[in-house]
Every structure is written in C-alpha cells, then in structure tokens.
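J.: Next one to model:
(chains A and B)
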Amino acid sequence: MEERRKRRRNSRNKRAKSRKLWMARMFLILLFLICLLNIVWPSREFSEKENRMLEQKPELTLSGIESGRFMEQYESYQSDQIAGRDLWVQLKTRVDLLMGKRESNGVYKGKSKYLMEDIKTPNQEQMEHNLASMCSFQEAYPDIPMYMMLVPNAANVLSDKLPSFAVTRDQDKDFAEIQKALKGHLTWVDVSSAMKDHKSENIYYHTDHHWTSLGAKYGYEALAEALQLDTSKEVELKPYAVSDSFNGTLSATSGYETGYEEPMYVYLPKEEGTGPEVVVSYVEEQEKKATLYDTSKLKEKDKYAMFLGGNSGLIDIRTTADSTDRLLIVKDSYANSLVPFLTPYYREIFMVDPRYYYGDIHEIMENNKITSVLFLYNGNTFVEDNSISGVLENAETE
Amino acid sequence: MLFSSIVFLFTFLPIVLILYYVLPRQFKNPVLLLASLLFYAWGEPIYLFLMMFSILFNYISGLDIARNLGNKRAARKSLIFNVVVNLCVLGFFKYEGFVLNSLNAVLPVEIPFQEVALPVGISFYTFQILSYIIDVYWGNVPVQKNLMDFALYVTMFPQLIAGPIVKYAEIDEQLHVREENWGRFGEGVMYFIRGLAKKVLLANTVGMIYTNVSGMAPEDVSVVTAWLGCLAYTFQIYFDFSGYSDMAVGLGKMFGFEFPWNFNYPYIAQSVTEFWRRWHISLSSWFREYVYIPLGGNRVPVPKHIRNLLVVWLLTGLWHGAAWNFVAWGLYYGVILIFEKYFFHRVLDKLPEVLRHIYSLVLVMVGWVLFFSPSFAGALEYLKLMFGAGGHGFMDGEALYLLISNLGLWVIAIVSSTPLVYGVYERYVGRRKPVADVVIYAGMFLLCVAYLVTETYNPFLYFRF
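T.: Numbering: from 1, shown residues only, chains lettered A, B, ... in the order given. Purely as a prediction, here's the structure:
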C-alpha cells in the first residue's frame, strides 16, 4: 500500500515537472520565434487592409526620448510592423465574433452580410451653426430656390438588418429637427420614405457606407419631384456593372467581411449617344475630363472614388443638355453617385464639398447665374460636419 | 513600459532573458537592475532621476539607522527623518494637487500651484522602501550594504509599477541567493500567460462595456444598464489588477524570485471582511504590519480599535488616489468592517451562503462606484441611476443589447473570477494531458498577442464621406 502510494506520488511529481519544462520550452520558442520573424519581416509603408500609413522605425533623438515621443512611436512601430499583422487581426476578429460581439469601431456586423455604420449623434453646437448659416445664405439670395436633401444611413433604413438587440439612435427624429430648423428657408426633399419604400432592394453597399447607384437612383427620383424637373423626355437608363470586387471602407474600419466582394453599377443610356455630353472640370486640380467616371479608381481599394474621381473642393460640370438652368450642390460624397442622373436637366452643375473648398461660394453664386441650390448630405456626415458654416459665411467675414 | 505590449514581449523580454541567463552569476543582478531602470525610463524618462535620488537617499538612510541601532534615540530620529522625507516626496507628487485644491476651496485666498504628473509606481515603491527602513529600525532585517542590490529591490521591473508590494524581509535572502531552474521558469510561464490573458482578453474587453456605459448621457441609462456598467468595471478592475500581479509573480519566477500572492478570488468572499483578506493582499498586509499593529491593532479598548481601523482605512483610501471620493471609498470600507466586526457578525453567520455572497458583492460594487467616479458628486449621481432614481426605467433595449451581445464575455468573466475554471482545468487537463495543456497555454498566449496587435487596429479613414 505504502509503496504504491509513494510510487503514485513520484509519478505525479514527475508529471508536474515535465509539464513545467514543456511550458518553459513552449514560451521560449514562441517568444524567440516571433522575435526573429519580426527582425526578418519586411517593413511595410502602407496597409491595404486598414487603408492607412503604418508607423515606421522612429529616429532616435535626445529630445524624442526626453519627451517620450520616441517610445510611443517605437511601440506603434512594433505593433504596426509585427510579422503577419493581418493574420493577427483576423484571428482577433474571429474570436470576437465567436464571443457574440457584433460591433467593431462603430460598425455593426448586421444580418445578410450587411455592415452598417452606427447612427451618429449630432454635434449640437456645430450643427445649429451650420443650419443658421444655411438659412442666412438663403436669405442672401431670396430669388433662388434652395433645397435640402438629407439621405438616411443604412442603419436607419435597414434597421431590421441590425444585429439582434442592437439599438441605434433615432435618425428620423434628428432629421425632423433639422427639417424644422430649415423651414421657411429651404425646401425639404423627403428621401427617407423613398429609401424605406425600396429597402428590400440593394440600395446600400454591404461593405461601404455609401448608397449604391440604385439607391442614388431612387434618391434622384425623389429629388426630381421636388425640383419639378421635366422628366417627360427622359432617356431610358440601364445599369452596367463596372466592377464585381468592391470591398468598402466599413469592412476596413471594422475588420469584418474583409473578403466580401460586391458589384458596382453605373446607369447609362440604353441607347448609346442619347444622353448629354459632359465636360467635368476639377477646378482646384486644374483637370478636365469628358466623363463622370474615373475608371482608374477601380483598380484601387476605395472604388467608390470612381464617381467623379472621389473628393474635390469644386467640380464644374458643363453639359450639352437642352436647358439654361444652373445648379449649385453643396454636398458630401453621397452626391457623387447621384449627380450623373441630373446631367440631362442642367446646362451646368457646380459641386462644392465644403470640407475641401477654400474658395468663395458667393463668387460662384454671382458669376454663374445659378438657378437653384441643393444641399445633399448623408445624415451621419451632416450631423458631424464642421465646415459648412465656414464656407457659407466666407464673404461675410472678409 | 507595460507587460501587455508588443515591445515588452518581443523586444525587451527576450533581450533581458538572454543577457540574464548567458552572463555569469555576478552579472545577473546588475543586468536586472539595468533592465529595470530602462523599463522605468521607457515611460518616465524624467522621473528616473527622482528614482535614483530615492534609492541613494534611502540606501544611506538605511545605513545610518543601522549604525545607530545601539542608540535608541538617534535611530528613532533617523527613522523619523527618513519617513518624513519619503512621505513628503510621495505627498508632493501624489497629493499636492488634492491638498491645494481642497485648501483653495475653503480658504479665502487662492494659492496658485502647478500640478505635476504622477511618477508611475511611486505609491508602490515608496511603500516597499518604507518596509525596508522600518524593518531595519526594528532589527527584523539586516541592513543592505550593497547599493546595487538595494537599487534592484526598489526598481525590480516585474513588480515596479503595479505591485505586489514586496516587503524587504520577504526578498532579502533572494537578492543574494536564489535558484533559477526550468521548473520555476515553467511555473512562471503559466502565471505570466494566465495574467496576460486576464488583462488582455478579459479586463480590456469587459472594460469597453464600462467605457460604453459611462459615456452615455445619464438620462439614457436604465437601472439594469447602470448595474451592468458597474459590473463591467467590477470585472475590469479585478482582471486588470490581478492579471498584472500574476504577470509580476510569473516574471519573478522566470528570474528565480518568489513574490507573494496578491489576489485570492476576492469575488467569492462571503463578507466584506473576507473580501479584503482576498483583495490586494500585499497592500492590506503592509498596512497591517506597519500601521495597524503598531497602533495597537485589536488588542486595545473598543474605541481605540475603532480609531485604528478608521485610520488604516482612511490611509488605504488615500493610497489609491488623491481625491475625496477615494477618501470616501476608504472610510466606507472602514465603517463596513467595523459594523461587520461588532454587529453584523452574528447575523451574517446565520444567513445562507447565497445571501452572504450577494450582500458582499453589492457592497463591493457600490464601493467601486465611489472608486471609478471622477468625483464624489459623480459617484452619488451614478448610485442614483443604479437605485432607480434616474427616471429611465428599469430595463431598456440598450441594457438587453449590452447583456446579450456580450453574453459569452459575461459568462467567462463570472466563471473566471471563481476557482472553478482553474480547478476543473487542473483536474481534467493540467494533471493529465501534457500536450493539450501546453497547446492551450500557447493558444492563450497567441490570442493575447492578436488582441495586443489589434489595439492599434485603427484604420485611418481619409476617405470618410
């Protein structure tokens, strides 16, 4: 008996000892293996997946050490340049999903592979400032009709696609307040109900925060009604796929669905040559093109930039349309995929993106015989915008 | 530098391990000392000088007290001088802003001052130093004549910035003689990986729920949401702090040291008194040894005993932070402990286990509200939300979402704060299946690395429209 107990204790001790030995070996192997891989792993400048510049090895300076900046940079450098970074990131996202997490960096991983940006909370002070300056802008041009078109975001329209139990801010309520603030100055273009009517169709990209060309088309239809465009002579349009491998920014932001590829369409006249010709001038870039689409952007990560080349402070589109109307659009990137639908109705369309525009908007108004003004934003960008008032008030401050 | 960083794991630690194990014995302590100074300087380059001053001053002071041990009066004088200087340094860096803000609030004149940044770990290493000085004065430990060893005791990087508070008496021997071996190293690895997992996988993730709730507008917080936020913090602080202590113990073992335990499943406590026997053990035992017992402990008449308890808890509160809500937090526990000792004691013993457990947890959670709130008034506001005075109802969609979408995390956090997981693991894997065992630990470690790497997963959205 005694003998057997002793033997058992002996073997247990032995096992405990070999366990510790293996733990020690495992740890040292992993530690030095990763350490070595880090040393030989080539440094990258840019991460396609995250769409940002990665931190490079910081330079060692006395002042950098004293302020601690060197250490901070060195830490981000090591994280950014760790061997197999993208794999580590994927591992984490997988585990998070397993744990039931459906939200990452403000992006919901919804049903039917829909990624949706959370509804943003308005920055009250800034937004009131923007709204007030929009009203006084209208007062400065009482004869020119002005319109406000605020596009709801996917999380609002497709709320049934949000992950179970997820609740977002009530964007309809925010919109109602904005509409009230602009009442009597700008005509409200109700695009929310148009989007909601078509919510079973593909009106938002799955992996991007923009609306699809189809969504923009429904937006355009609502707008045409408000602008009272004469659509009787409208030429028939047809969607053409220009890409089948779009993976948008929401995917990059959240790390979800990084392999999901979706198509992009542009709407062109069914019969070639029936639409108006266009000349698109990117004023600040001093470039002119005869097309609304920059297909070179389809080779890059952010394919949505194909619509009117992405972001420019001021774009001037001249058309051969049979019209003398001139439209000014103050807008964010949602407008880029909608404007193609408007070209048959305007001789000239000016697109001002306040975030990148440093010129004088009143000059455009006065020198170009603008006949209507449209503000076109998506809800999330508008409620957080901090540049509209600056552009509109430009002349007053000078 | 933090243990839970890529730089520490894959640059600092490998280099220190190689140097430590390759160099002969007489260089091992110097290597550790240099590594520790670099470790400290990484986050606080300027305060390295303060650290060096503290080391030199206390080294000489220790020698002086030891020299005077024959002469009671002289030794006492030397001791008092030392303690005053140490507390003044701590006071200046940690409490200056608090004291002057409080004075300015009551005095008719405004005393101008400039708040200084708190040197990391100053509360921890000051207490370590004091344990040495007082024990030398009491004759409990021999004086340390080797400046290098003394400096190593003060700065040793595994426990430098977040404890455990290692008393000099516990480590005096090990500074001269200690044995590094594979067994101890392996044990250290297990401690370290468990600690890292607690910190990175549990504390950081559950902490995001707390951040989420604390960032909500008070009028949107329902009762259940408020409790979930508080519960999230309750888990966060435990896994964060105990994880850090486990990593410290583990790293100590890798270099041949044995540090004391700091946490022993505090949330399974059946009373608040028991909670404090299981929470931050090295701090409680420090106060016990160097404040409570010298004041007479419990071997004094009741009023004096109550005074002693209140003094200790006031100091405990202040040690955790320089603000009135920490004072309130300390006194809150002082009062509860006095009540438990003199009144609840008998009632508590008769209650069923479940009720005792709930009683302890609720009191501890209310305590954390005092702890995490930015001010005393803020704490009262949050408590109002928890007890239904917030006016946003008992339960809402937000609470349900917090609960459901983090269900896995909640369950893991709950079972991981009891001995259950460890017990079951040891029984079915740890003692039986060596391959599975090593693979699981390795997997945990790699997962931690993945989480650490993604902390900077911060896509820059220059095309955000």
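J.: Quick one: neighbours of residue 196, just the number.
T.: Since you didn't name a chain, this refers to chain A. By other Cβ atoms under 10 Å in any protein chain shown, 15 other residues sit near A:Lys196. To be clear about C-beta, it is placed using only N, CA and C from the backbone, and glycine gets the same treatment.
J.: meant chain B actually
T.: Close neighbours of B:Leu196, defined as other Cβ under 10 Å, add up to 25.
J.: Confirm for me that it is in contact with B:Ser5.
T.: No - at 10.6 Å, B:Leu196 does not count as touching B:Ser5 under the criterion of Cβ atoms under 8 Å.
J.: which ones are touching residue 168?
T.: As the question left the chain open, I've gone with chain A. Taking Cβ atoms under 8 Å, 6 or more residues apart in numbering or on different chains, we find A:Thr168 in contact with A:118-119, A:155-156, A:159, A:162.
J.: Sorry, I should have been clearer: chain B.
T.: B:128, B:131-132, B:135, B:141, B:144, B:153.
J.: and which of the contacts of A:Thr168 is nearest to B:Glu173?
T.: Closest approach to B:Glu173 among the contacts of A:Thr168 (Cβ to Cβ): A:Asp118, at 57.1 Å.
J.: residues contacting the closest one?
T.: Contacts of A:Asp118 (Cβ under 8 Å, 6+ apart): A:103, A:106-108, A:155, A:168-169.
J.: Secondary structure element holding residue 194?
T.: Because you didn't say which chain, this covers chain A. Per DSSP states H and E, A:Ala194 falls inside helix A:192-197.
J.: wrong chain, I was asking about chain B
T.: Element membership of B:Arg194 [criterion: DSSP H and E] is helix B:182-197.
J.: can you tell me if that helix touches chain A.
T.: Yes - applying Cβ under 8 Å from any Cβ of the partner chain, one finds helix B:182-197 in contact with chain A at B:182-187, B:189-190, B:192-193.
J.: Can I get that helix in PDB? Just the C-alpha atoms.
T.: The C-alpha trace of helix B:182-197 is given here as PDB (Å, rounded to 0.1, in the frame of the first residue of the first chain):
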ATOM      1  CA  TRP B 182      13.300  25.000 -15.500                       C
ATOM      2  CA  GLY B 183      10.600  24.100 -13.100                       C
ATOM      3  CA  ARG B 184      10.300  27.500 -11.600                       C
ATOM      4  CA  PHE B 185      10.600  29.100 -15.100                       C
ATOM      5  CA  GLY B 186       7.800  26.900 -16.300                       C
ATOM      6  CA  GLU B 187       5.600  27.900 -13.400                       C
ATOM      7  CA  GLY B 188       6.400  31.500 -14.100                       C
ATOM      8  CA  VAL B 189       5.300  31.000 -17.700                       C
ATOM      9  CA  MET B 190       2.000  29.700 -16.600                       C
ATOM     10  CA  TYR B 191       1.500  32.500 -14.200                       C
ATOM     11  CA  PHE B 192       2.500  35.000 -16.800                       C
ATOM     12  CA  ILE B 193       0.300  33.700 -19.500                       C
ATOM     13  CA  ARG B 194      -2.700  33.500 -17.200                       C
ATOM     14  CA  GLY B 195      -2.100  37.100 -16.000                       C
ATOM     15  CA  LEU B 196      -1.700  38.300 -19.600                       C
ATOM     16  CA  ALA B 197      -4.900  36.600 -20.600                       C
END
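J.: I'm done for today, thanks for sticking with me.
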